[in-house]
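1. Build me a structure from this.
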Amino acid sequence: MNTSQTLRQESSRPQRCFVVGPIGDPHAAHGSPEREVYEHNLGIFEQVIAPACEKYGISAVRADGIAHAGDINEQICRHVVESDLVVADVSGGNPNVMYELGLRHITGKPTIHIGETGQLPFDIASIRTIRYQRTRSHLAGARKEIESALEAGLRDGFELLTPARVLRGLQTGDGPAAASEAGDGGKEEDEDSPGLLDDFAVIEDGLDEMADDMEAITRTIETIAALTEQSGTEMLDLTQANAPMSARLAGVARYAEKISVPAGELHTVAAAFADRMATLDSGVRAALGLIEMTPPDERGEEAEEFLGQLMSLDEAAQEGLAQVGSFGTSVGAMVRVSRHLRKPVKEISAGVKLMTCAITRMGEWAAKARELAGSATA
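-> This is a model prediction of the structure:
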């Protein structure tokens, strides 16, 4: 009996599958792009993914099916990282989907890619993807392919994807650096290959840029909050003056126009912040792994400074998360006020989601850094 079978039998909890993919908007007008995305992906979930998982006693859930109360963005991140299995629909290369998929790949946990034929992003073309078309017969075929992938994975174990293999190699010393130290059988080390201090320097530069991104996001949120307060005062005056609805609508339109630029900036900077997180994540984790393997008295000042930087950045990030989270909650209610607000609110909400996921992962860096720093002083 192999390891995956043993673990599956010994587990006292049912296996969970989190489905990553575009969600759309179930409340959007019929025929709108948002409603079409919702109906299409719900159909893929109900006709393809959920039945395939159910065959093996796996409970599948989408983001809109999370039943527990709490911050939805944090819950999504936790499901992406902690679920036993993730099935990701990569059709169209949706930015949020690709970011969540990047977080998942680093964990090394089982992940299955599916995607609509002709809409697969090129940057993950090397990873096996189950393809489907929007016909009954092709959807049935895709379901059977997922079932086959699950059967093979449960029987033989799921293969690590490339990012996880690279990270595991760095952490265990089985990668190229270890081979170069293996004596006559290894390759001679490249004179231009970066060393640990070089890697730390690159990562620290990236962390500094993330700190700059957070400051820019804070300034943008403050700008939107100030404009929101001004608009609230104007709307209150109009209400007290019993102004006609057309005048109030004009006030909302002015407000939407004023926040459109900072809303776009928020989304752009948040996306840059999330991209840096995805780019640095494997390097930071590898660096933490190397520090963990090094005796505390041999780490040097650079390693301790690196741990301190991770902890400091997380403290600032947690303060920002509280501000971003409350801001995102208040903004979400505005979308029902007028169609003029839909675009800026959509950009703000997307930015908040990206920030929340990235900061959640940053907290994991800091937790490990605190553990390592504590072991050095013990």
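2. Quick one: the strands in the protein, in order.
-> Counting by DSSP state E, the chain has strands at residues 16-20, 59-62, 85-89, 111-116, 129-132.
3. elements contacting the third one?
-> Using 3 or more Cβ pairs under 8 Å, 6 or more residues apart in numbering; DSSP states H and E as the contact test, the elements touching strand 85-89 are strand 16-20, helix 95-107, strand 111-116. Using the backbone N, CA and C atoms, a C-beta is placed for each residue, glycine as well.
4. And those: which comes nearest residue 361?
-> Nearest to residue 361 among the helices and strands packed on strand 85-89 is helix 95-107 (6.2 Å), distances taken as Cβ to Cβ.
5. quick one: the closest one to strand 16-20, angle?
-> 140 degrees (axes from the mean of the first three to the mean of the last three Cα atoms, to 10 degrees).
6. Check which residues of helix 95-107 are buried.
-> Neighbour counts over helix 95-107 (16 or more other Cβ atoms under 10 Å) mark 96, 97, 98, 99, 100, 101, 102, 103, 104, 105, 106, 107 as buried.
7. just stretch 236-250 next, same as before
-> Residues of stretch 236-250 classed as buried: 238, 248 (neighbour count, 16+ other Cβ under 10 Å).
8. from the chain's centre, how far out does it sit?
-> Centroid displacement of stretch 236-250 relative to its chain, using Cα atoms, centre = their mean, to the nearest Å, is 41 Å.
9. do stretch 79-91 as well
-> Counting by Cα atoms, centre = their mean, stretch 79-91 comes out at 10 Å from the chain centroid.
10. Check stretch 222-231 too.
-> With Cα atoms, centre = their mean as the basis, stretch 222-231 stands 28 Å off its chain's centre.
11. Nearest to residue 60, out of the helices and strands packed on strand 85-89?
-> Nearest of the helices and strands packed on strand 85-89 (Cβ to Cβ): strand 16-20, 4.3 Å.
12. ok now do residue 25, which residues does it touch?
-> By Cβ atoms under 8 Å, 6 or more residues apart in numbering, residue 25 lies in contact with 32, 34, 35, 37, 38.
13. same check, this time on residue 99
-> Residue 99 makes contact with 274, 275, 278, 354, 357, according to Cβ under 8 Å, 6+ apart.
14. Pick out the most distant pair among those.
-> Within these, 275 and 357 form the most distant pair, 11.9 Å apart (Cβ to Cβ).
15. higher neighbour count, those two?
-> Taking neighbours as other Cβ atoms under 10 Å, residue 275 and residue 357 compare with residue 357 leading, 25 against 17.
16. Let's have the helices and strands packed on strand 85-89 in TSV, adding mean pLDDT and distance to residue 233.
-> As requested, the helices and strands packed on strand 85-89 are exported to TSV (pLDDT from 0 to 100; distance: least, Cβ to Cβ, whole Å):
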stretch	mean pLDDT	distance to residue 233
strand 16-20	92	42
helix 95-107	78	34
strand 111-116	90	48
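17. Nearest to residue 296, out of the ones you listed?
-> Closest among the helices and strands packed on strand 85-89, once you apply Cβ to Cβ, is helix 95-107, at 25.8 Å.
18. roughly how far out does that closest one sit from the chain middle?
-> 5 Å.
19. and this protein, what are its domains?
-> Per automatic domain parsing, the structural domains of the chain span 3-165, 196-377.
20. need the contact list for the residue nearest to residue 299 when sequence neighbours are not counted.
-> Leaving out its chain neighbours, the residue that sits closest to residue 299 by Cβ to Cβ, 6 or more residues apart in numbering is residue 291, at 6.1 Å. With contact set as Cβ under 8 Å, 6+ apart, residue 291 has these partners: 299, 303, 306, 307, 372.
21. returning to that earlier point: so which one among the contacts of residue 99 has the lowest pLDDT?
-> Lowest pLDDT within those is found at residue 278 (74).
22. count of neighbours near that one?
-> Considering only other Cβ under 10 Å, residue 278 is surrounded by 21 other residues.
23. What distance do you get for it to residue 254?
-> For residue 278, the distance to residue 254 (Cβ to Cβ, to the nearest Å) stands at 37 Å.
24. do residue 240 as well
-> Distance from residue 240 to residue 254, by Cβ to Cβ: 18 Å.
25. Where is the longest helix in this structure?
-> Longest helix in the chain, counting residues (DSSP state H): helix 245-293.
26. Next, the angle from that helix to helix 95-107.
-> Using the same axes, to 10 degrees: helix 245-293 against helix 95-107 is 20 degrees.
27. Thought residue 50 was touching residue 62, still the case?
-> No: in this structure residue 62 lies outside contact range of residue 50 using Cβ atoms under 8 Å: 9.1 Å.
28. follow-up on the earlier one: which one of the strands of the chain has the most crowded surroundings?
-> Mean neighbours per residue, mean count of other Cβ atoms under 10 Å, is largest over the strands of the chain for strand 85-89, with a mean of 26.
29. what's the most centrally placed residue in the chain in contact with, if anything?
-> The C-alpha lying nearest the average C-alpha coordinate of the chain belongs to residue 100 (Cα atoms, centre = their mean; 3.2 Å). Residue 100 makes contacts with 20, 76, 77, 80, 88, 357, as judged by Cβ under 8 Å, 6+ apart.
30. is it true that the last one touches residue 75?
-> No: the pair residue 357 and residue 75 fails to qualify as a contact (Cβ under 8 Å) at a distance of 10.4 Å.
31. picking up where we left off before, the strands of the chain: which one's closest to residue 267?
-> Among the strands of the chain, if distance is taken as Cβ to Cβ, the winner is strand 16-20, at 20.0 Å.
32. Only alpha carbons, please: show that closest one as PDB.
-> Coordinates of each C-alpha in strand 16-20 appear next as PDB, following Å, rounded to 0.1, in the frame of the first residue of the first chain:
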ATOM      1  CA  ARG A  16     -12.000  18.600   0.400                       C
ATOM      2  CA  CYS A  17     -11.600  20.100  -3.000                       C
ATOM      3  CA  PHE A  18     -11.600  23.800  -3.500                       C
ATOM      4  CA  VAL A  19     -12.500  24.900  -7.100                       C
ATOM      5  CA  VAL A  20     -10.600  28.000  -8.300                       C
END
